[in-house]
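In: Starting from these lines, generate the structure:
(6 chains)
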Number of protein chains: 4
Amino acid sequence: MSPASKDGSDQPVRPRVEGERELEILDATVQILAEVGYDLLTMDAVATRAKASKATLYRRWNGKPALVLDAILSQKERHDLPDTGSLRGDLLALTCGMGGLTDGTQVAILGSLITAVSRDREFADIFHRDFIGPKAEQNRQVFVRAQERGEIPRDLDLDVLVPALPAIILHRLFLLGDPPTEELITRVIDQVILPAVHHRGTPTPEPEGTR
Amino acid sequence: MSPASKDGSDQPVRPRVEGERELEILDATVQILAEVGYDLLTMDAVATRAKASKATLYRRWNGKPALVLDAILSQKERHDLPDTGSLRGDLLALTCGMGGLTDGTQVAILGSLITAVSRDREFADIFHRDFIGPKAEQNRQVFVRAQERGEIPRDLDLDVLVPALPAIILHRLFLLGDPPTEELITRVIDQVILPAVHHRGTPTPEPEGTR
Amino acid sequence: MSPASKDGSDQPVRPRVEGERELEILDATVQILAEVGYDLLTMDAVATRAKASKATLYRRWNGKPALVLDAILSQKERHDLPDTGSLRGDLLALTCGMGGLTDGTQVAILGSLITAVSRDREFADIFHRDFIGPKAEQNRQVFVRAQERGEIPRDLDLDVLVPALPAIILHRLFLLGDPPTEELITRVIDQVILPAVHHRGTPTPEPEGTR
Amino acid sequence: MSPASKDGSDQPVRPRVEGERELEILDATVQILAEVGYDLLTMDAVATRAKASKATLYRRWNGKPALVLDAILSQKERHDLPDTGSLRGDLLALTCGMGGLTDGTQVAILGSLITAVSRDREFADIFHRDFIGPKAEQNRQVFVRAQERGEIPRDLDLDVLVPALPAIILHRLFLLGDPPTEELITRVIDQVILPAVHHRGTPTPEPEGTR
DNA sequence: CAATAAACGAGACGGTACGTCGAGTCTTCCT
DNA sequence: AGGAAGACTCGACGTACCGTCTCGTTTATTG
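Out: All right, here's what the predicted structure looks like:
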């Protein structure tokens, strides 16, 4: 993300206080983000708050989306993978826990970034890799462990099943205007996810005669 | 598309036969939308194209999101509810058909509007009621008919199940960067939706002892 | 002052007695003029106040300057020509009296109209004929009577002398920022006007041999 | 006109050598002023012509009047005080010379500014101090020198006499629609100014009995 | 340890879109 | 028939933010 930094592979390199300055800027960004939201955040505001010049911001980041994304990523403390012993418990813990979908701030920011995602290819790539990727991987781990425990079949189409839970929750939030609650998450897990993973039999069978 | 416009049968210029002028503006909006996309669409461009003044635009619409939303809604020709005789067939037809999730243009605009949705309460209400609402109702009808046919249980939690399919597809598109295909939609239906609706038994079973 | 009101029977509203409606509009114009001044007066405001449509305004007047000018003219009650028996007394009375140069409102509006005068030929003609003309004629009368009394010579260049007093006063107001007072007017009369009219002898005399 | 600009000695574009950019903008303003006049001059036009952004204009100047005034002031080359040896000659030279009242451009601009003067207090102050002031001082000098030569009395009320000539000329132009000519100026000098300055005797005498 | 060249803060700049406002025209409806 | 009502086009306004740029000024190696 942060270009021209830590790799130290090119010119004599002799930047500033190394990545420390960068962190201050990212902090300022996160603060403003929390205060006014993505859209009302301006590069000028970040520059002022961080006592940096806009030139510095643009030297390091492509623009507002990249900066904000980086700022969010910098906040990522590794949220430990929960281990409750059951798929259901793990999903609940992961989804409702810190950094999960009930975390209003993160989710609000997420909404703000969707616009940027759908129009900036490069930004989208970074977003998918560094922001969505790790979260998705955690979710996948929960399913893989359940497979290893024998709780669910090994031949499930995890590519489809793993993102289903966050998908349904976020869809309700963004498109239906229905903010996530633990109760809702429970309903989705019990009525969609668990039936789907426990489903045994012909996965794609009946073309004509359903009954 | 442009309904009662430019038939060119009479005097020089003469707008205003009630909402006719409005439709011309919405048409211009849709054209520009198709040409340059939501972000590069400017109010000035719409005004110029429609030979309207910006004052007129702002007299009728709150701003760009409202105008664009209205423009899209004006394009809504009633897509007939498919009736294939099975839930699976109906879902496939509805989701892949015209105005469904494989319609790239609509979906791209959708992404652009999410920002506005999560920021403007009033806009969100209109969006939910007039844009999402009708689509959701169609989806619900498909499930209700399946219930009436006895194909699926009557005690399903449709509030959760109905939006699940679009949720998963759109989530893949917006957050995972995975554009919808018919093949994907089929997988989701067969591996998530149908198992969930056919799932019989304890809907929320193992509270404590999963193992 | 306010015409169209004197009948006192107004309530039921009943326009269109030819020039009566016009007077109501001019009254509204004068009111607004007094309240907010020329620049902040809008045609919409006049239309609203007079319960007229803008179309009506533009049907009768060319635009804002013409309307305002007409409104001012409508206020013109014939200010009687003073007759104090001396040129000096007449000038003082005329210049300081009602409708004279110490009337702040009229003078302020005058300033606003100068722009229009120097830009709109047609407007300028009306302005000169109907606004300036009568005032100038009154001033001229004062001089003519003085000539008839034998107080001043008959061969004076009145075209130059008559406008000199208002010229000097208005110049001080508009360009020097020095508002008119009776004291100032007195000084100008005594030190410029009277010396000039009493000047007898070589009109263009001295230094090198002008004649 | 454009003072220290485009010496073209170095790289492509590179403004900002202190007030140099400002002068370019003022030059553009003067050009447009000469072409279309004050009222038809728009900030956008100035911005475009000067290849500046409107933000830059508004960063430095309050608005159109301030910009235009500054532009005019920037054009002020010191017009040397004429010295013909007589008051009459000096007045003629000064009034008819460069920057005098027969200079159509300057006078046109003057007319345009009167409106602004009579409604913007701050603008009026600057206008009086920086535009009118220097010109008035030159006129006063002519009279003072005449006094020093003994050509005219030392106890004249110069505050009234000095502005009288321009007052009368401008009044004829703006309010009577009579453009200045050298012939007119001569008449005013000979029939008003000179009689007034040579007037000997009671300056403000006869209160009641003129006859 | 001074010279030097990168990176920096500050913030002006060109550009573009915004949303508002007033002028003057035009159409519809009402009386 | 004619006027009130007010929507309409046009175009200027003044503001905001973006991303670039040019200034001095640090700052940390390098000579």
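
In: For the residue nearest to the spatial centre of chain A, which three-state class applies?
Out: Nearest to the mean C-alpha position of chain A, by C-alpha atoms, centre = their mean, lies residue A:132 at 4.0 Å. The local conformation at residue A:132, judged by DSSP: H, G, I helix; E, B strand; the rest coil, is helix.

In: which residues does it contact?
Out: The contact partners of residue A:132, taken as C-beta atoms under 8 Å, 6 or more residues apart in numbering or on different chains, are B:175-176. Using the backbone N, CA and C atoms, a C-beta is placed for each residue, glycine as well.

In: What separation is there between it and chain C?
Out: 54 Å (C-beta to the nearest C-beta, to the nearest Å).

In: Per the annotation, how does chain A divide into domains?
Out: A:19-75, A:87-198 (automatic domain parsing).

In: Highest mean neighbour count across those domains, which stretch is it?
Out: Ranked by mean neighbour count, the domains of chain A are led by domain A:87-198 with a mean of 19 (mean count of other C-beta atoms under 10 Å in any protein chain shown).

In: what's the first-to-last distance across that one?
Out: End-to-end distance for domain A:87-198, by C-alpha to C-alpha, to the nearest Å: 11 Å.

In: how much space between whichever residue of chain A sits closest to chain C and residue A:34?
Out: The minimum distance from chain A to chain C, using C-beta to the nearest C-beta, falls at residue A:40 (33.2 Å). As for residue A:40, its distance to residue A:34 is 12 Å (criterion: C-beta to C-beta, to the nearest Å).

In: so where's the longest helix in chain A?
Out: helix A:19-36 (DSSP state H).

In: CA atoms of it as CSV?
Out: Taking Å, rounded to 0.1, in the frame of the first residue of the first chain, the C-alpha atoms of helix A:19-36 are listed here in CSV:
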residue,chain,number,x,y,z
GLY,A,19,6.4,4.9,8.4
GLU,A,20,5.6,6.8,11.6
ARG,A,21,4.5,9.9,9.8
GLU,A,22,2.3,7.8,7.7
LEU,A,23,0.6,6.4,10.7
GLU,A,24,-0.1,9.9,12.0
ILE,A,25,-1.8,10.8,8.7
LEU,A,26,-3.8,7.6,8.7
ASP,A,27,-4.9,8.3,12.3
ALA,A,28,-6.1,11.7,11.3
THR,A,29,-7.9,10.2,8.5
VAL,A,30,-9.7,7.7,10.7
GLN,A,31,-10.7,10.4,13.1
ILE,A,32,-12.2,12.5,10.5
LEU,A,33,-13.8,9.5,9.0
ALA,A,34,-15.5,8.8,12.3
GLU,A,35,-16.6,12.4,12.7
VAL,A,36,-18.1,13.2,9.3
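
In: Would you mind giving me the confidence score for residue A:130?
Out: Predicted confidence (pLDDT) for residue A:130: 86.

In: Kindly report the same for residue A:210.
Out: 43.

In: low-confidence ranges in chain A?
Out: Within chain A, the ranges that satisfy pLDDT under 70 run A:1-18, A:98-99, A:200-211.

In: Mind telling me which residue of it is nearest DNA strand E?
Out: Residue of chain A nearest DNA strand E, by C-beta to the nearest atom of the strand: residue A:53 (2.7 Å).

In: Distance check, that residue against chain B.
Out: Taken as C-beta to the nearest C-beta, the span from residue A:53 to chain B is 27 Å.

In: which residues touch the residue lying closest to that residue once chain neighbours are set aside?
Out: Distance criterion C-beta to C-beta, 6 or more residues apart in numbering or on different chains; nearest residue to residue A:53, sequence neighbours excluded, is residue A:47 at 6.0 Å. Residue A:47 makes contacts with A:53-54, A:56-57, as judged by C-beta under 8 Å, 6+ apart.

In: Among these, which are located in helices?
Out: Within the contacts of residue A:47, residues falling in helices by DSSP H are A:54, A:56-57.

In: can you redo these as a markdown table with distance to residue D:75?
Out: Output for the ones in helices among the contacts of residue A:47, formatted as a markdown table (distance: C-beta to C-beta, whole Å):
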| residue | distance to residue D:75 |
| --- | --- |
| A:54 | 36 |
| A:56 | 41 |
| A:57 | 42 |
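
In: These also near DNA strand F: which ones?
Out: Counting by C-beta under 7 Å from any atom of the strand, residue A:54 from those sit close to DNA strand F.

In: Name the nearest of the ones in helices among the contacts of residue A:47 relative to residue D:181.
Out: residue A:54 (58.6 Å; C-beta to C-beta).

In: Let me know the helix or strand that the nearest residue to that closest one once chain neighbours are set aside is in.
Out: Excluding the flanking residues, the one nearest residue A:54 by C-beta to C-beta, 6+ apart is residue A:47, at 4.7 Å. Using DSSP states H and E, residue A:47 maps to helix A:43-49.

In: Could you work out the end-to-end span of stretch A:186-196 for me?
Out: End residues of stretch A:186-196 are separated by 15 Å (C-alpha to C-alpha).

In: any idea how far that stretch is from the chain center?
Out: 21 Å (C-alpha atoms, centre = their mean, to the nearest Å).

In: Would it count as contacting chain B?
Out: Yes. Counting by C-beta under 8 Å from any C-beta of the partner chain, chain B is contacted by stretch A:186-196 at A:186-188, A:190-192, A:195-196.

In: Helices - which of those land there?
Out: A:186-188, A:195-196.

In: For chain D, state which of the residues you listed is nearest.
Out: residue A:188 (50.1 Å).

In: ok, that closest one to residue B:158 distance?
Out: 13 Å.

In: And for residue A:110?
Out: 26 Å.

In: Next: residue A:96.
Out: Taking C-beta to C-beta, one finds residue A:96 at 24 Å from residue B:158.

In: Next: residue A:125.
Out: 37 Å.

In: Check residue A:169 too.
Out: Distance from residue A:169 to residue B:158, by C-beta to C-beta: 17 Å.

In: which residues does residue A:197 contact?
Out: A:87, A:143, A:146, A:152-153, A:156, A:161.

In: what residues are up against residue A:163?
Out: A:136, A:139, B:168, B:171-172, B:175-176.

In: Actually, residue A:144.
Out: Contacts of residue A:144 by C-beta under 8 Å, 6+ apart are residue A:158.

In: how much space between it and residue D:186?
Out: Relative to residue D:186, residue A:144 is positioned 106 Å away (C-beta to C-beta).

In: ok, now residue A:28?
Out: Distance from residue A:28 to residue D:186, by C-beta to C-beta: 73 Å.

In: ok, now which ones touch the residue of chain A found nearest chain D?
Out: Nearest to chain D, among the residues of chain A, is residue A:44, at 12.8 Å (C-beta to the nearest C-beta). Shown in contact with residue A:44 (C-beta under 8 Å, 6+ apart): residue A:54.

In: What distance do you get for it to DNA strand F?
Out: According to C-beta to the nearest atom of the strand, to the nearest Å, residue A:44 stands 5 Å off from DNA strand F.

In: go on, residue A:36?
Out: 9 Å.

In: so what's that residue closest to, chain neighbours aside?
Out: Distances taken as C-beta to C-beta, 6+ apart put residue A:45 closest to residue A:36, at 8.0 Å, once the chain neighbours are dropped.

In: now do residue A:116
Out: Closest to residue A:116 by C-beta to C-beta, 6+ apart is residue A:65, at 3.9 Å.

In: How far off centre is whichever strand or helix holds that neighbour?
Out: Per DSSP H and E: residue A:65 is located in helix A:64-75. Relative to its parent chain, helix A:64-75 has a centroid offset of 12 Å by C-alpha atoms, centre = their mean.
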